[in-house]
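Trainee: would you be able to build a 3D model of this:
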Amino acid sequence: MYVLSSLFAFYSVHIASKRYYKKQREDLLEKTKKEAELKELASTQEIIKLNNEKLRNDIDNKNKELATSTMNIIKKNEFLNTIKTELINGGEKSVAKVVKIIDKNLNNTDDWKMFQEAFNNADKKFLKKVKEKHPTLTPNDLRLCAYLRLNLSSKEIAPLLNISPRSVEVKRYRLRKKMNLPHDSNLTNYILEI
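Mentor: Numbering: from 1, shown residues only. Okay, here's the model as predicted:
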């Protein structure tokens, strides 16, 4: 009886210790697995953070590129307007040809296409959103919206559209009417918030 009790006690202790060590091993494996998952998650978050920084840098570069492109267009059109004014004031009839060439250059749509492409790269879907909110806007209205989105003044927009600053103010007024904006709201702020 003692021998059987001893064997049973020994067997019970052996089974209990086996279960105890098995449970500890499983706990250790589970802990290791969780630590590995946490490390993987941390590295994934680090990769996402780096990708986000890269994307932010790309956006900043596109914005700088867009601003540079816009300023180049403004300077070119101001220069051509100055030449045109000088030639007209000169009064020579042979100058009419030169004025026509300059007019053609000022009305060139290639600059707008280049600007629109750069603008869309920097501020994706803006023109689409504006068109969805205000379907009655014309391409010229959208162009004005894009320039206002860059926070350009009427004086800076005028050479881009080859019109006077006063005409830009009239265009802004008409755009406000088409968008049904209240008189006290700021058009530029509204466009920046879209």
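
Trainee: just the helices in this protein please.
Mentor: 2-90, 95-106, 110-122, 126-133, 139-149, 154-161, 165-178, 187-193 (DSSP state H).

Trainee: where among the ones you listed is the average confidence lowest?
Mentor: Out of those, helix 110-122 stands lowest, with a mean of 64 (criterion: mean pLDDT).

Trainee: circling back to that earlier point, export the helices of the chain to CSV and tack on mean neighbour count?
Mentor: Every C-beta, even on glycine, is put in place using the N, C-alpha and C of the backbone. Output for the helices of the chain, formatted as CSV (neighbours: other C-beta atoms under 10 Å):
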stretch, mean neighbour count
helix 2-90, 11
helix 95-106, 13
helix 110-122, 16
helix 126-133, 14
helix 139-149, 19
helix 154-161, 19
helix 165-178, 14
helix 187-193, 14
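
Trainee: where's Ser164 relative to Asn81, distance?
Mentor: 10 Å (C-beta to C-beta, to the nearest Å).

Trainee: cool, Asp58 as well?
Mentor: Distance from Asp58 to Asn81, by C-beta to C-beta: 35 Å.

Trainee: and for Glu156?
Mentor: Using C-beta to C-beta, Glu156 is found at 13 Å from Asn81.
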